[in-house]
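>>> Turn this into a structure:
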Amino acid sequence: MASPAVEVAFANARQYARQPINLILLALIPPLFIIAMSSAIGTFSDVLGGNLGERAGTGLAGLWAASLLAGAATFFILRTSVRTDGRLVAAGLRPSALGLAHATTAVALAVLTTSVSFSMLTLTQDVADPVDLFAAILLAALVYAAIGVALAWFIEGDLEGSFVIILVFMLDAFVGGPLGGGSGFFAGLFPVHFPSEIAVAAMLGGSYKAEWFIWSGLYLALPAGVSPLVIWWRGRQ
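Purely as a prediction, here's the structure:
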């Protein structure tokens, strides 16, 4: 018999697969970003002051697709779960087990969206460093999945949560990322600034800076560490 935490994780997975819109978005968003927007990203980058070419912009689009899908899907699934979590804890499920189940869901969604975007990129583009590209996209997707987890426990409305995720994404993409040539301390404060730099370098075979990986890991550790604490704290309420 599966443990209660495993049962909760599988229930979250069934909830995701049960909604056709999730599967439709998973099938449409990566090709829409990667194929339809690749040339436009390079042009828009010039307008914003960046210097992204079409190949680099395509890699960035794949990272955006995975991040946005992971954050939104995690938020909506766990927002639904919040309504029953209190009853599960009251029935005897430990808050730590509940946190592990939801963290597993977030990681699984990040891996799924990363795999879809990465597959689309490798099938349609010449990728110089596939391993580094996959790592960059996965880092970004995990960060947004963790953000989705935290938002699910602080924002009660689905519409409000969607606006926050989209707002963070737009600031991330258009202000803090390579699209507009964002650099320096302020740009580095945005969630996936450094994974975006890694993704661009991986697409083109460019050089890396060690701090890109260090800061990417630290930025992932922050929401990834806070989200289980939020789940545990809310589960005890």
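
>>> any idea which helix or strand of this protein has the worst average confidence?
Ranking every helix and strand in the chain by mean pLDDT, DSSP states H and E puts helix 38-48 at the bottom, with a mean of 57.

>>> Counting neighbours, what do you get for Y208?
For Y208, the count of nearby residues is 13 (other CB atoms under 10 Å). Backbone N, C-alpha and C define where each C-beta goes, glycine included.

>>> Please disregard the earlier target; I meant E211.
12.

>>> Which residue, other than its chain neighbours, is closest to it?
Distance criterion CB to CB, 6 or more residues apart in numbering; nearest residue to E211, sequence neighbours excluded, is F194 at 7.8 Å.

>>> for F169, same thing?
L68 is the one closest to F169 (CB to CB, 6+ apart), at 5.4 Å.

>>> and if you look at A11?
Of all residues not flanking A11 in the chain, S81 sits nearest, at 7.8 Å (CB to CB, 6+ apart).

>>> and the helix or strand hosting T113, average pLDDT?
Here T113 sits within helix 95-124, counting by DSSP states H and E. The average of the pLDDT scores along helix 95-124 is 84.

>>> Tell me the buried residues in whichever helix or strand comes after that helix?
Downstream of helix 95-124, the first helix or strand assigned by DSSP H and E is helix 130-154. Buried residues in helix 130-154, counted by 16 or more other CB atoms under 10 Å: 132-153.

>>> Let me see the contact set for the residue nearest to A11.
V8, A11, N12, Q15, H102, A152 (CB atoms under 8 Å, 6 or more residues apart in numbering).

>>> So which of those residues wins on neighbours?
H102 (28 neighbours).

>>> Would you confirm that that one contacts N12?
Yes - when contacts are counted by CB atoms under 8 Å, H102 is listed as touching N12 (7.1 Å).

>>> what residues are shared contacts of these two?
L78, S81.
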